[in-house]
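Q: this one's sequence-less:
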């Protein structure tokens with residue numbers, strides 16, 4: 001089963017995203033900030049880091065840079081509602097995918113599916 005580490009500081013959004021991805025057949029571990037994600041990344045057992053960019057303590061870009069060193073096999077996808085921040089992400093972590101808020105859950109699932117070659121599957125939302 002594909003394992004996703006979700007780092008999102010907004011409680012409602014984190015629950016919403018985790019539920020959608022779990023329903024789509026992914027194993028999701030969700031944390032509320034970048035620093036809480038670090039021990040999980042260091043375990044090296046995740047296929048995808050799905051991270052908000054703007055978070056307290058450690059932002060998503062710093063978390064992605066840590067991930068690139070500690071678990072280079074882990075793919076990275078950012079979610080953000082800030083255009084200027086997305087430009088910074090593209091400059092600092094060019095290999096990461098970027099999904100801009102607002103988005104529909106089916107768009108998120110489609111993007112994650114495409115990362116893992118599951119684009120042909122359909123999911124119920």
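A: On my side now, so go ahead. Only a predicted model underlies this, so the values are computations on that prediction, with no experimental measurement involved.
Q: secondary structure class for residue 79?
A: On the three-state scheme (DSSP: H, G, I helix; E, B strand; the rest coil), residue 79 is labelled strand.
Q: again with residue 13
A: helix.
Q: what residue ranges in this protein are flagged as low confidence?
A: Residue ranges of the chain with pLDDT under 70: 83-84, 119-125.
Q: Spell out, range by range, the strands that occur in it.
A: 3-7, 27-31, 48-52, 75-80, 97-100 (DSSP state E).
Q: isn't residue 11 right next to residue 32, touching?
A: Yes. In this structure residue 11 lies within contact range of residue 32 using C-beta atoms under 8 Å: 7.1 Å. (Glycine included, C-beta is placed from N, CA and C.)
Q: and residue 90, what does it touch?
A: When contacts are counted by C-beta atoms under 8 Å, 6 or more residues apart in numbering, residue 90 touches 96, 98.
Q: When residue 11 and residue 32 are compared, which one has more neighbours?
A: Counted by other C-beta atoms under 10 Å, residue 11 and residue 32 do not tie: residue 32 has more neighbours, with 18 against 10.
Q: Let me see the contact set for that one.
A: Contacts of residue 32 by C-beta under 8 Å, 6+ apart are 7-9, 11, 14.
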